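A.B. asks: Take a look and give me a structure for this.
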Amino acid sequence: MNIKIKKQYPEFTNMVMPLFISVFLFVLPYKTALMAQDFDKLRDEMVEEQLIKRGIKPETVLEAMRTVPRHRFVPENMQNNAYIDSPLPIGLEQTISQPYIVAYMTEQIEAAKGMKVLEIGTGSGYQAAVLSYLGCEVYTIELLEELAVRAEKTLNDLNYKNIKVKCGNGYLGWAEEAPFDAIIVTAAPEKIPEELIEQLKTGGKMILPVGPVNSLQLLKLITKRNRRIIETNLAPVRFVPMVE
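C.D. replies: Numbers count the residues shown, from 1 in each chain. Below is the predicted model:
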């Protein structure tokens, strides 16, 4: 059919095709810009409704949550839900934490520029991106190689430079890069791993959920003071289990 039209009306084909291409090239960036604008609005609403109203105070953390594109860290078919008040599946029976939990854990360790932070459970890479935006030097470990590779690609695509991703056993931490100013654990062990406490600097903080699989856990803040460990229970939570 296309061949027949071209033979009968060559001038029609030659005129319409460039016009079609021009319109397509015009509409595509417009649509992309519109989507980006919508995501910006959704991020602002997320910060106002889910974070500020629940007591997240540091402006640096709020700015990071307004800026880091959470929708880039979830599967494409979930992007429209990226800013809702809920964890989301990212494949391999893993999840990305709800925005409030990410902001709350970041706030509790007092993440700030120049801090050296270990993250256990890279997942999609979103928590690492938030820490990176705040100026932290981030070392993140993911047990599942597919997730580690995917997260590293996403972080590189978004030009986050101060993050190192490693595929490995989170229970062992990252001894060769220790000690750390802070540690964030985004999967739940049944008890606090001693290796992670050892890799925490004196004066450092670690936040992690602790508790049995398929049950509510307690989010705990661990502060290391000389030879003392101060343990504070923060809130009941539900995380995927931390696996050796």
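
A.B. asks: Tell me the spacing between the spatially closest residue to residue 60 that is not a sequence neighbour and residue 79.
C.D. replies: If the residues on either side of it in the chain are set aside, residue 60 comes closest to residue 134, at 5.9 Å by C-beta to C-beta, 6 or more residues apart in numbering. For glycine as for every other residue, the C-beta is placed from the backbone atoms N, C-alpha and C. Here the criterion is C-beta to C-beta, to the nearest Å. By it, residue 134 lies 24 Å from residue 79.

A.B. asks: The two: who's more crowded?
C.D. replies: Neighbours were tallied for residue 134 and for residue 79 using other C-beta atoms under 10 Å; the higher tally belongs to residue 134 (21 against 17).

A.B. asks: from memory that one sits against residue 106, does it?
C.D. replies: Yes. Shown here, residue 134 and residue 106 form a contact pair, counting by C-beta atoms under 8 Å, at 7.3 Å.

A.B. asks: where do the contact lists of the two overlap?
C.D. replies: Jointly contacting residue 134 and residue 106 under the rule C-beta atoms under 8 Å, 6 or more residues apart in numbering are 61, 64.

A.B. asks: burial count for residue 161?
C.D. replies: Using other C-beta under 10 Å, the number of residues around residue 161 comes to 7.

A.B. asks: That one should be in a strand, yeah?
C.D. replies: No. Assessed with DSSP: H, G, I helix; E, B strand; the rest coil, residue 161 is coil; it does not lie in a strand.

A.B. asks: For it, give me the pLDDT.
C.D. replies: Looking at residue 161, its pLDDT is 89.

A.B. asks: go on, residue 218?
C.D. replies: With respect to pLDDT, residue 218 has a value of 96.

A.B. asks: For residue 190, which non-adjacent residue is spatially closest?
C.D. replies: residue 212 is the one closest to residue 190 (C-beta to C-beta, 6+ apart), at 5.8 Å.

A.B. asks: That neighbour and residue 191 touch, don't they?
C.D. replies: No. Under the criterion of C-beta under 8 Å, residue 212 makes no contact with residue 191, lying 10.2 Å away.
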